[in-house]
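Enquirer: Return atomic coordinates for the entry below.
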Amino acid sequence: MIRYWPALLVGRIARVLIRLIRKGGGSALPGLILSKLAPGILYRVLGAFPQGLVIVTGSAGKSTTTKMLVNIVREHGLAVFTNPSTANILQGFYSTIIERATWSGKVAGQVAILEMDEAHAEELTRKISPLQVTILNVMEDQLDRFVDPALVRADLTLVARRATRSVLLNADDQNTLLIAHEGLAVEPKFFGISSRVLKTQGRGLQNAPTYLPELPRPEVSSEVSRLDGINAEISGSWGSTEFELPSRGVHFALDAVAAFESAKSFLGEDFKLEVATKALREVPPVFARGEMVQINGEDVEFILVQNPGSMQLNLDNLVGEPEQLLFAIGRDVHDPSWLWTVDYSNLKHVDVCTGFNAYEAALVLHYNDVPLGLVTDDLEQATKTFFDMPKPQHGHKTVVFSADAMRRMRRSLGFWSAEEVER
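Expert: Numbering: from 1, shown residues only. Below you'll find the predicted structure:
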């Protein structure tokens, strides 16, 4: 693998130069350069870990589930290679290798645990078979890219078929139950949310409909048996355990039980309940997923929305009525028509509406009778206006944004690293 050092050198030089020009940048282009100069390095690296490759994928929850799973496995004493920046496409993996690899192209670690975009997971697993695959869900997503949830389900089925030891599936998504019936090489295990907990969630988990006869819920190995705000309990035939979630909402509870069951499956007889519980209790939010930050001496909550399901779940889980709220929809939302499918009744007002799609978002909010303040597609102006507002008399400032707006706003506020998250 010594032949990879010239490509790594070029990638690292590009990374340094880009960061000199734009602080906090430099993660995408260097990975693209490395993928062109040394495409084989990714498969060499991921195929070299003694305990294999573990993949977490699905429409939503990948980042939080992966962070939880990595924390549990590390607490058990294993060295883990992962993608902490949530760069979950092939180009992002190449960028992570630039940061972590030695000049000979080797990366330290006993196991690779990676969150992967659904389509990129299918592409990568054509060349390297994962030891274990966890599939969280299938949601209505980027219509310009995925077209139909059935296509996402087809890609995820291929990924699941390539797992050599374990497949973990969401028992409460009809899409993943269909995957379980597609001739997998290994017998899947299931995690989920108890019916009692789901009954308290008016809109459920926002999974995409299959328009097929409903399949019965399979027996689960672990499930969320109680959920009260951020306090959760996971139970199974092995017993039960309690902990606090990093963020509120049934979707984060699903991430937790997925991570718990994935760790239990991967570690086997080495899995220790008390160690896993301790690890779950200590996981901070993944950046912008219910993350609380300090800006100008004020608490601010960052909430990332990526598709109709995540928008609905996060709006439904707003605490009380935020006194000050910024709503930003960036250029990553190529088809803003999906904004019209969300129920905004829990959104009582918006002080600032911004982002590349500011006016499309404002139109949707207006027709949903949400009172609006400033509307502008100038994100920097909007950010300054919002954070210049007096401190709320009650609670904290709240920012709801899509991924593009999130990255631009975080950079303008000086949050350069994906790991700059504190509980």
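Enquirer: Show me the domain layout of this protein.
Expert: 2-281, 289-413 (automatic domain parsing).
Enquirer: gap between the two ends of stretch 314-328?
Expert: 14 Å (Cα to Cα, to the nearest Å).
Enquirer: brain fart, stretch 197-205
Expert: With Cα to Cα, one end of stretch 197-205 sits 11 Å from the other.
Enquirer: now stretch 314-325
Expert: End to end - Cα to Cα - stretch 314-325 spans 13 Å.
Enquirer: Switch the domains of the chain over to JSON lines; also include mean neighbour count.
Expert: All C-beta spots, glycine's among them, are computed from the backbone N, C-alpha and C. Formatted as JSON lines, these follow (neighbours: other Cβ atoms under 10 Å):
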{"stretch": "domain 2-281", "mean neighbour count": "19"}
{"stretch": "domain 289-413", "mean neighbour count": "18"}
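Enquirer: Could you dump those domains into a markdown table and include mean pLDDT?
Expert: Output for the domains of the chain, formatted as a markdown table (pLDDT from 0 to 100):
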| stretch | mean pLDDT |
| --- | --- |
| domain 2-281 | 91 |
| domain 289-413 | 92 |
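Enquirer: the strands in the stretch 301-423 of the chain, which residues?
Expert: Applying DSSP state E, counting those that start in this stretch to the stretch 301-423 of the chain gives strands spanning 324-328, 350-354, 372-375, 397-401.
Enquirer: mind checking the backbone torsions on the residue nearest to the spatial centre of the chain?
Expert: Residue closest to the average C-alpha location in the chain (Cα atoms, centre = their mean): S63, at 3.0 Å. Torsion angles at S63 (phi, psi; degrees, to the nearest 10) stand at phi -60, psi -50.
Enquirer: And it, how close does it get to A405?
Expert: 17 Å (Cβ to Cβ, to the nearest Å).
Enquirer: L158 now?
Expert: 32 Å.
Enquirer: The closest residue to P149 other than its chain neighbours and V293, how far apart?
Expert: Closest residue to P149 apart from its sequence neighbours, by Cβ to Cβ, 6 or more residues apart in numbering: A208 at 3.7 Å. Separation of A208 from V293 (Cβ to Cβ) stands at 32 Å.
Enquirer: cool, P39 as well?
Expert: Between P39 and V293 the computed distance is 38 Å (Cβ to Cβ).
Enquirer: ok, now L315?
Expert: L315 is 20 Å from V293, where distance means Cβ to Cβ.
Enquirer: Next: A14.
Expert: 30 Å.
Enquirer: And for S345?
Expert: Taking Cβ to Cβ, one finds S345 at 27 Å from V293.
Enquirer: so who does D172 touch?
Expert: D172 makes contact with 192-193, 198, 205, 207, 217, 254, according to Cβ atoms under 8 Å, 6 or more residues apart in numbering.
Enquirer: so where does it fall, helix or strand?
Expert: Assigning secondary structure by DSSP states H and E places D172 outside every helix and strand.
Enquirer: Could you do the one 3 residues further on as well?
Expert: With elements delineated by DSSP H and E, N175 resides in helix 174-180, which encompasses its position.
Enquirer: Can you say which helix or strand has V257 in it?
Expert: Using DSSP H and E, the element containing V257 is helix 250-267.
Enquirer: Now the element after that helix, going C-ward?
Expert: Counting by DSSP H and E, the next helix or strand C-terminal to helix 250-267 is helix 273-281.
Enquirer: Okay, angle between that following helix and helix 250-267 too, please.
Expert: Angle of helix 273-281 versus helix 250-267, following axes from the mean of the first three to the mean of the last three Cα atoms, to 10 degrees, is 140 degrees.
Enquirer: Can you show me the CA trace of the very next helix or strand once past helix 273-281 as CSV?
Expert: Downstream of helix 273-281, the next assigned helix or strand under DSSP H and E is strand 289-295. Output of strand 289-295 as CSV, limited to C-alpha atoms (Å, rounded to 0.1, in the frame of the first residue of the first chain):
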residue,chain,number,x,y,z
ARG,A,289,-29.7,17.1,16.0
GLY,A,290,-31.2,18.7,19.0
GLU,A,291,-27.8,20.2,19.8
MET,A,292,-27.7,23.0,22.4
VAL,A,293,-25.0,25.6,21.8
GLN,A,294,-23.9,28.8,23.4
ILE,A,295,-23.9,31.9,21.1
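Enquirer: Can you tell me the SS state at the spatially closest residue to L32 that is not a sequence neighbour?
Expert: Excluding the flanking residues, the one nearest L32 by Cβ to Cβ, 6+ apart is Q91, at 5.3 Å. Under DSSP: H, G, I helix; E, B strand; the rest coil, Q91 falls in the helix class.
Enquirer: surely Q91 meets A28?
Expert: Yes - here Q91 reaches A28: they are 6.3 Å apart, a contact under Cβ atoms under 8 Å.
Enquirer: Can you lay out the strands of the stretch 301-423 of the chain as a markdown table showing distance to I18?
Expert: Listed next are the strands of the stretch 301-423 of the chain as a markdown table, based on distance: least, Cβ to Cβ, whole Å:
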| stretch | distance to I18 |
| --- | --- |
| strand 324-328 | 24 |
| strand 350-354 | 26 |
| strand 372-375 | 32 |
| strand 397-401 | 24 |
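Enquirer: Among the ones you listed, which comes closest to R100?
Expert: Nearest of those to R100, taken as Cβ to Cβ: strand 397-401 at 28.9 Å.
Enquirer: Right, I'll leave it there.
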